[in-house]
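For reference, the sequence and a predicted model appear below.
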Amino acid sequence: MKNLILLYITIISVFSFNCYAQKAQIAAADRKYDNFAYIDAIKTYERVAEKGYKSVDMFQKLGNSYYFNGQLEKASKWYDELFAMTSDIEPEYYYRYAQSLKAAGNIEKANKMLDLFHQKSGNDDRGALYDKNKNYIENIKANSGRYNIEDAGINSKYSDYGSAFYLNKLVFASSRDTGSFMHRKHKWTNQSFTNLYVTDLGEGLVAGKISTFSKKINSKFHESSPTFTKDGKTMYFTRNNFLDGKKGKDGSDITLIKIYKANLENEKWVNVIELPFDSDQYSTAHPTLSSDEKTLYFVSDMPGTKGQSDIFRVQLNEDGSFGTPENLGNGINTSGRETFPFISDENELYFASDGFPGLGGLDVFVSKINADGSFGEVQNLGDGVNSPKDDFAFLLDTKTRRGFVSSNRNGGQGYDDIYKFLETKKLKCEQELYGKVTDLITGLILVDAKISLFDTKFNLIKTTVTDPTGTYTFAVECGKNYNVRASKTDYNTKEQKITIGKENNSRTNLPFALEKETCKVAVGDDLGICFGIKMIYFDLDKYNIRTEAALDLEKILDVLNQNPTMKLDIRSHTDSRASFKYNEVLSDNRAKSTIGWLVKNGIDSHRLTGKGYGETQLVNGCSDGVNCSEEDHQMNRRSEFIITAL
């Protein structure tokens, strides 16, 4: 019996020692996790888990450690364990689990988790986007099969990502082994800090010899995601908060990342400075320039960010200063991660996101930037560019339809790899709008006739002229409505509306038969009457240009452009309502408003005069005290365009 008691005590002691040892190991792993040393934390957590230890907190941290490193399949294993123990966890874990399940190929279960996420997360827009687009897989399939994709020929067994065109070269980030004895490693990934590398690009974007980019730019910490001006003399890039040998930290003693600018002088990069909206307290990263180089787009978690990271833009002023950063808003940013923006010279925003429904991890999406700065529909680029893993840093040469994308998809050489692609078919449905322009009476073709394409709000999209066969062409979007205007000297301008069909790569014909001018103008004539242009009407008590008024002013503008010596006196009139003095001021403001619109659109102010006549020149009997309809009063609210010189 005594021996049994001793054995029992020994078993209890060993068990207690093992429990203590496990708790000590977990505590050590937690410290590593809290310090973002995810790879080291994983090793300890997994050793403990293999011995049978189970904990909601440990499974959360194990799943997160893999998730934050983009290893979603491995994350799904530990989220499996987490959800097997409990479902009483924060909604965010349902989303991470769903993303990880997609990477593991389990779409059906992933969608169930997304349904639960939407139920539990309240107003999180990622759930709302999923609920609104439950057929997202079918939509992605419809956008797929458009890319021939292959290894870029520049990858190592380490992390390679985030490329940018630089003249006829490609610059990219890599944590590759450079052969040096000292390797500083980032505790988050346990890989070396990334530097910038460069390679020449041949035909078909074939890469040449790889070399380090610049000792002045590369530091002992991370550099990545550069962008360059077209002349190759200015660059913006991402780096850890490190400048002139000094490392900055936030209030939690963490070194974040910032955007820096540098200039090329005598073939060397100099004047490295941080941008004025950088901060030690939040990150800014992944800059890219608009096609006109007047706007810088970037990623940040600065105050005003709605998700884990948002895309912002800031104006670049002519004096070299910067405007105020502007969040791109709900149409682009979600509660998740939006990152790695790229603006094509076709004014399209490409970006990576895990907030919009996708194949798993980060997917690449695109949205058209409208003329007013707003954004069109966000579309997934489809399988090929995207995969069940993280896909990001999309880069496109629109002339060749070739480019690069970064991904940690299966089959790569390293942690992240750069792939090159050829886009074989554009994403958006396009047609060709075409037609011949002829003389209405003779049927003869009209060469060099000006054709202008407008949207439904009469925002000018583009212009062209007819070729030697009298033909014009425009690339237009399927299913959209357009306004088209044809004009030529000695002919009356004509406009037509057209609705484009919905079949991709088809053609829509819109011919024009222009009528020769039947009216010869002289000094003193009203240009509006002579050319059949409606009077410029105004709303009651207003002097702003209405939409339909702008359309008529476009015709006046066209006549003035075709007759550069013509001068006009713009006479504005009101109806008889309100006081005589009030109407005099109102009509004068209307004349100024009309002149201002023409000057804003390129007419020399010296060619224009104007005056308000108030209610002194009514065109009907609607004077004070006379009962008239609104239509009768509207006839008196007008502008006239009297020719004063030819």
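Great, that's in hand.

Tell me where the stretch 401-550 of the chain has helices.
Using DSSP state H, counting those that start in this stretch, the helices of the stretch 401-550 of the chain run over residues 527-530, 547-562.

what's the answer for the chain, then?
Remark: helices assigned in the chain by DSSP state H are 2-34, 38-50, 56-68, 72-85, 91-103, 107-120, 125-132, 136-142, 527-530, 547-562, 580-600, 630-636.

Among those helices, show me which one is buried the most.
The highest average neighbour count among the helices of the chain, using mean count of other CB atoms under 10 Å, belongs to helix 91-103 at a mean of 24. Just so you know, the C-beta spots here come from the backbone N, C-alpha and C atoms, and that holds for glycine as well.

Let me know the angle separating that one from helix 125-132.
On the basis of axes from the mean of the first three to the mean of the last three CA atoms, to 10 degrees, helix 91-103 is oriented at 50 degrees to helix 125-132.

Other residues contacting helix 91-103?
60, 63-64, 67, 72-73, 75-76, 79, 82-83, 107, 109-111, 113-114, 116-117, 120-122, 124, 126-127, 336, 354, 358-361, 388-389 (CB atoms under 8 Å, 6 or more residues apart in numbering).

Can I get it in CSV, CA atoms only?
Included here for helix 91-103 are C-alpha records, laid out as CSV according to Å, rounded to 0.1, in the frame of the first residue of the first chain:
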residue,chain,number,x,y,z
PRO,A,91,-16.9,38.0,-35.3
GLU,A,92,-13.5,38.8,-36.8
TYR,A,93,-12.5,35.2,-36.4
TYR,A,94,-15.4,34.0,-38.5
TYR,A,95,-14.0,36.2,-41.3
ARG,A,96,-10.5,35.0,-40.9
TYR,A,97,-11.7,31.4,-40.8
ALA,A,98,-13.7,31.9,-44.0
GLN,A,99,-10.6,33.4,-45.8
SER,A,100,-8.5,30.6,-44.6
LEU,A,101,-11.0,28.0,-45.7
LYS,A,102,-11.1,29.4,-49.2
ALA,A,103,-7.3,29.1,-49.3
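
Could you check how far it is from the centre of its chain?
Its chain's C-alpha centre and that of helix 91-103 lie 26 Å apart, by CA atoms, centre = their mean, to the nearest Å.

same check, this time on stretch 153-164
On CA atoms, centre = their mean, the centre of stretch 153-164 falls 24 Å from the chain's centre.

list the buried ones in that stretch?
Residues of stretch 153-164 classed as buried: 154-156, 158-164 (neighbour count, 16 or more other CB atoms under 10 Å).

Tell me which of the helices of the chain approaches Gly304 most closely.
helix 125-132 (15.9 Å; CB to CB).

packing partners for the closest one?
Secondary-structure packing of helix 125-132 (3 or more CB pairs under 8 Å, 6 or more residues apart in numbering; DSSP states H and E): helix 107-120.

CSV for the buried residues of stretch 153-164, including distance to Pro564 and pLDDT?
Converted to CSV, the buried residues of stretch 153-164 look like this (distance: CB to CB, whole Å; pLDDT from 0 to 100):
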residue, distance to Pro564, pLDDT
Ile154, 55, 94
Asn155, 59, 94
Ser156, 62, 92
Tyr158, 63, 89
Ser159, 60, 89
Asp160, 57, 93
Tyr161, 54, 93
Gly162, 51, 92
Ser163, 48, 94
Ala164, 44, 95
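
Which ones among those residues map onto strands?
Of the buried residues of stretch 153-164, the ones assigned to strands by DSSP state E are 160-164.

which pair in those spans the largest distance?
Farthest pair in those (CB to CB) is Asp160 and Ala164. Separation: 13.2 Å.

joint contacts of those two?
Contacts common to Asp160 and Ala164, judged by CB under 8 Å, 6+ apart, are Phe172.

got the residue ranges for the strands in the stretch 251-400 of the chain?
Assigned strands in the stretch 251-400 of the chain, in chain order: 257-265, 268-274, 284-289, 295-300, 310-315, 326-327, 338-343, 348-353, 363-368, 379-380, 391-397 (criterion: DSSP state E, counting those that start in this stretch).

Reformat those strands as TSV; add distance to Thr194 and mean pLDDT.
Shown next, in TSV, are these (distance: least, CB to CB, whole Å; pLDDT from 0 to 100):
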stretch	distance to Thr194	mean pLDDT
strand 257-265	11	94
strand 268-274	17	94
strand 284-289	12	95
strand 295-300	16	96
strand 310-315	21	96
strand 326-327	27	96
strand 338-343	14	96
strand 348-353	17	96
strand 363-368	20	94
strand 379-380	28	94
strand 391-397	12	95
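
Noted, bye for now.
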